[in-house]
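Student: What shape does this take:
(2 chains)
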Amino acid sequence: MIEVSGLKKVFKSGKKKVEALKGIDFKAYPGEIFGLLGPNGAGKTTTLRILATMLVPTEGDAVIDGVSVMEEPLTVRKKIGFLSTETGLYDRLTGEETLRFFGKLAGIKTEEIEDRIESLLKSLGLFRDRKRLVSEYSSGMKQKLSIARALIHNPDVIIFDEPTNGLDILATKTVIDFLKDMRENGKTVVISTHILDVVEKLCDRIAIINNGEILANDTKDNLKKTYNSENIEGVFFSVVPFEEESL
Amino acid sequence: MKKILSILGKELTIFFRDKRTIFTTFFLPIIFYFIMFNVMTSIALKTKKEIENKTVKVGYTVNVPDNIVSFIKKNSENISLVKVSGFDSEKELKKKKLDSIIDFSKNTLFIYHNKAKRLSREAEKRVSKLLEDYRKQVISEKLKELNIPESIVNPFEIESKNIASEKDMGLAVLGRIMPYLIIIMLFSGALGFGLEVSTGEKEKGTIATLLVSQASRTEIVLGKLFYVIVIEILYSISNIVGFVIAAKSFAGKTFASMPKEVIQHSVNQGVEQVSFLIGIKSTILLFALIIPIGIISAALIIAIGSYAKSMKEGQTLMTPVILVIIFIAILTINAPIQIPQYYYYIPVLNTAFVMQEILLGKTVFVHFLLAMSTTLLMAGCLILFSIYLYNKEEILFRV
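Tutor: Residues are numbered from 1 along each chain as shown, chains lettered A, B, ... in the order given. Below you'll find the model as predicted:
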């Protein structure tokens, strides 16, 4: 479970200060996919980077399965698997080597790593290609390997920044199937996206974020009821003031 | 420590997977020095022989006594004497395309020449030698006339005997370049690899996966730092091996092609005899000195790489650092005969001087300890600085 409370983030660049998050609150539960929906620059990636302990909040806190990102970032990292559209893989490592490397960083015992690699690669259909270099993988295969990398330490929380952004149909299907699978396995899943269709198809609970503030936060069905809309698109435009460049 | 070694292992796997990188890092220097020495010494020898066989044109003014002119004419085959009518020898030298002009005034013989031109230097050398011979001849004749034995003005002969072979002397002179080479290689050799694992990870977007892994930022920095140190030390070793092989193969030829002034300069600076087959103790001392310098350069590269937004920016930021290092390295080549004590307190510079001492077989243990301690202290500070930068999100996620 994720509990975010009063989360603020101010970026300083020289004398300039940018308030990326203005004190947001939300909760994401196990067995659910929580979607942060918002236009570019709304604060989605900043929120996920704080949850992934890459950034430190200026104020507030986020607690992941009872562990604070402020107090114990290393423990938090054991509980989360972080993914983004940028697969973050090393071209000159093989699929197997990639997982072994991240398995070692996760502190998994050598004999356990090999079993874990085998089971992950088999379940994602990459076992036959395990000894090929990542540079030889297709974009779909890279996305699958990236998923395997995030799951190597069997985390309970999955954080996925813009999961389908820029992906082709096959890679998108891989990602969507994976997220659904995680939900079925009782994991807490948080995604950020600006694609309304993804939210409609995948998310159980949604927070609409704009200019660092959460404007609406509830289950998908409740939001539709509250804003008297048949779909999330209607909800979104009822909440976010329409500007030419907002999407 | 396991995580640091995992990061080091990952970086080394990536490095050794690229055959072109392996070739350019480890094999190219060996080939390069071999070709460079061969071509350089061949050209230098050819030029030296050409100059030696060339007849130089020497002018003389009306003031030069006839007996001097006739002595030069009689005793030199490769000096062509030309009478000049003008009174301004400097102007005449430039105007008449002569290599040198002799003038005589107030019992002094002047040899006008242009040190910037090789043929003019050669003309001055030949004329000076002839005039010295002539002076000896005149003194000898005068002494005979006065019935005084020559031993009065020349009570004993001086003959210096250099026991070093031409090869040893060549190696000795080349040995002065070694510290310069090692330091430059340590800083420039791993620049590309260091930036690749720091700025490159930012550019490729792989940094995020590392930052959310269970490795702390200190472990990430140290893993990358060790990788850069390993590569730059391997790179330096391949350069040293390449240099030593080439130097040993062409040392005799190099010495023969060197102008005497260069050799004399090196001898004046304390170079006497050096064997490139240095002992185990010296090798250990040299290696011990290379490591802190390696840490300094690796920490600097990682720090700059963490700050830079792109590889291009990283290279731009490293340029002044490399220039400072080149300046320090040049200082070691043109070091004063008596090196001031405070030089041994300046990190990097002191290491270069101590490396020279080791290569020349004149190691001063206090200097070695000073070099090690100050350089290690600086290396430690730079490691802390790069860890600090890696923990600053405004640096790491600088837009």
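
Student: Residue 54: what's it in contact with?
Tutor: Since no chain was named, I'll use chain A. Each residue near A:Met54 by CB atoms under 8 Å, 6 or more residues apart in numbering or on different chains is listed here: B:208, B:211-212, B:393, B:397. Placement of C-beta: from N, CA and C, glycine included.

Student: please go with chain B instead
Tutor: B:78, B:119, B:122.

Student: Nearest to A:Leu55 among those?
Tutor: B:Leu119 (70.1 Å; CB to CB).

Student: Need the single longest helix in the chain, by residues.
Tutor: This is for chain A. helix A:169-184 (DSSP state H).

Student: sorry, should have said chain B
Tutor: helix B:217-257.

Student: could you say what helices and strands that one packs with?
Tutor: Here helix B:217-257 touches helix B:2-16, helix B:28-53, helix B:166-175, helix B:178-189, helix B:191-204, helix B:207-211, helix B:280-307, helix B:365-391, going by 3 or more CB pairs under 8 Å, 6 or more residues apart in numbering or on different chains; DSSP states H and E.

Student: lowest-confidence stretch among those helices?
Tutor: Comparing mean pLDDT across the helices and strands packed on helix B:217-257, the lowest value falls on helix B:166-175: a mean of 59.

Student: For the stretch 1-150 of chain B, what lies in contact range of chain A?
Tutor: Counting by CB under 8 Å from any CB of the partner chain, the stretch 1-150 of chain B comes close to chain A at B:2-3, B:6-7, B:9-10, B:13-14, B:17-18.

Student: Tabulate the residues you listed in a markdown table, adding columns for neighbour count.
Tutor: Compiled in a markdown table, these are given as follows (neighbours: other CB atoms under 10 Å in any protein chain shown):
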| residue | neighbour count |
| --- | --- |
| B:Lys2 | 11 |
| B:Lys3 | 20 |
| B:Ser6 | 22 |
| B:Ile7 | 26 |
| B:Gly9 | 17 |
| B:Lys10 | 25 |
| B:Thr13 | 15 |
| B:Ile14 | 19 |
| B:Arg17 | 16 |
| B:Asp18 | 12 |
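
Student: Out of the helices and strands packed on helix B:217-257, which is closest to B:Gly242?
Tutor: Here helix B:28-53 is closest among these (CB to CB), at 3.7 Å.

Student: From the chain's centre, how far out is that closest one? Work that out for me.
Tutor: 16 Å (CA atoms, centre = their mean, to the nearest Å).

Student: Give the buried residues for it.
Tutor: Buried residues in helix B:28-53, counting neighbours by 16 or more other CB atoms under 10 Å in any protein chain shown, are found at B:29-30, B:33-34, B:37, B:41, B:44, B:48.

Student: Between helix B:178-189 and that helix, find me the angle.
Tutor: If you take axes from the mean of the first three to the mean of the last three CA atoms, to 10 degrees, helix B:28-53 sits at 140 degrees to helix B:178-189.

Student: After helix B:28-53, which helix or strand is next? Please name it.
Tutor: strand B:56-60 (DSSP states H and E).

Student: Which neighbours in the sheet does that next one have, and how are they oriented?
Tutor: Strand pairing for strand B:56-60, using DSSP bridges, gives strand B:79-83 (parallel), strand B:100-105 (parallel).

Student: returning to what we had before: and which of the buried residues of helix B:28-53 is nearest B:Ile290?
Tutor: B:Pro29 (15.6 Å).

Student: isn't the closest one right up against B:Val244?
Tutor: No - here B:Pro29 does not reach B:Val244: they are 11.3 Å apart, not a contact under CB atoms under 8 Å.

Student: Let me have the helices and strands packed on helix B:217-257 in TSV, adding distance to A:Tyr137 as columns.
Tutor: Converted to TSV, the helices and strands packed on helix B:217-257 look like this (distance: least, CB to CB, whole Å):
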stretch	distance to A:Tyr137
helix B:2-16	16
helix B:28-53	31
helix B:166-175	50
helix B:178-189	32
helix B:191-204	15
helix B:207-211	16
helix B:280-307	27
helix B:365-391	29
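
Student: I'd like to know which of these lies nearest to A:Val76.
Tutor: helix B:207-211 (12.2 Å).

Student: What sits closest to B:Ser6 if chain neighbours are left out?
Tutor: A:Lys104 (4.1 Å; CB to CB, 6 or more residues apart in numbering or on different chains).

Student: secondary structure class for the one you found?
Tutor: Here A:Lys104 is recorded as helix under DSSP: H, G, I helix; E, B strand; the rest coil.

Student: before we move on, what about B:Thr363?
Tutor: coil.

Student: Spatially nearest residue to it (excluding sequence neighbours)?
Tutor: Per CB to CB, 6+ apart, closest to B:Thr363 is B:Glu357, 5.0 Å.

Student: And B:Ser76, by the same measure?
Tutor: Using CB to CB, 6+ apart, the nearest residue to B:Ser76 is B:Leu130, at 5.8 Å.

Student: re earlier: next, format the strands paired with strand B:56-60 as a markdown table and append mean pLDDT.
Tutor: Formatted as a markdown table, those follow (pLDDT from 0 to 100):
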| stretch | mean pLDDT |
| --- | --- |
| strand B:79-83 | 85 |
| strand B:100-105 | 86 |
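
Student: correct me, but B:Ser310 touches B:Thr199?
Tutor: Yes - counting by CB under 8 Å, B:Ser310 does reach B:Thr199; the two are 6.5 Å apart.

Student: So for those two, which sits in the more crowded spot?
Tutor: B:Thr199 (26 against 13; other CB atoms under 10 Å in any protein chain shown).

Student: Just give me the neighbour total for B:Phe156.
Tutor: Quick note: B:Phe156 (other CB under 10 Å) scores 5 neighbours.

Student: dump the residue contacts of it.
Tutor: By CB under 8 Å, 6+ apart, B:Phe156 lies in contact with nothing.

Student: likewise B:Ser100?
Tutor: B:56-59, B:93, B:111-113, B:120, B:123-124, B:127.

Student: Next, give phi and psi for A:Asp168.
Tutor: Main-chain torsions, A:Asp168, degrees, to the nearest 10: phi -80, psi 180.

Student: For stretch A:23-43, C-alpha coordinates in PDB please.
Tutor: C-alpha atoms of stretch A:23-43 as PDB (Å, rounded to 0.1, in the frame of the first residue of the first chain):
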ATOM      1  CA  GLY A  23       1.100  19.200  -1.200                       C
ATOM      2  CA  ILE A  24      -0.600  16.200  -2.700                       C
ATOM      3  CA  ASP A  25      -2.300  13.300  -0.900                       C
ATOM      4  CA  PHE A  26      -3.500  10.000  -2.200                       C
ATOM      5  CA  LYS A  27      -3.600   6.300  -1.300                       C
ATOM      6  CA  ALA A  28      -3.000   3.300  -3.600                       C
ATOM      7  CA  TYR A  29      -4.100  -0.200  -2.400                       C
ATOM      8  CA  PRO A  30      -2.900  -3.700  -3.100                       C
ATOM      9  CA  GLY A  31      -4.700  -5.500  -6.000                       C
ATOM     10  CA  GLU A  32      -5.500  -2.100  -7.700                       C
ATOM     11  CA  ILE A  33      -4.000  -0.100 -10.400                       C
ATOM     12  CA  PHE A  34      -3.800   3.500  -9.400                       C
ATOM     13  CA  GLY A  35      -3.400   6.000 -12.200                       C
ATOM     14  CA  LEU A  36      -2.000   9.500 -12.000                       C
ATOM     15  CA  LEU A  37      -3.600  11.300 -14.900                       C
ATOM     16  CA  GLY A  38      -2.400  14.700 -16.000                       C
ATOM     17  CA  PRO A  39      -1.000  16.800 -18.800                       C
ATOM     18  CA  ASN A  40       2.700  17.200 -19.400                       C
ATOM     19  CA  GLY A  41       4.400  19.100 -16.600                       C
ATOM     20  CA  ALA A  42       1.600  18.400 -14.200                       C
ATOM     21  CA  GLY A  43       3.900  16.700 -11.600                       C
END
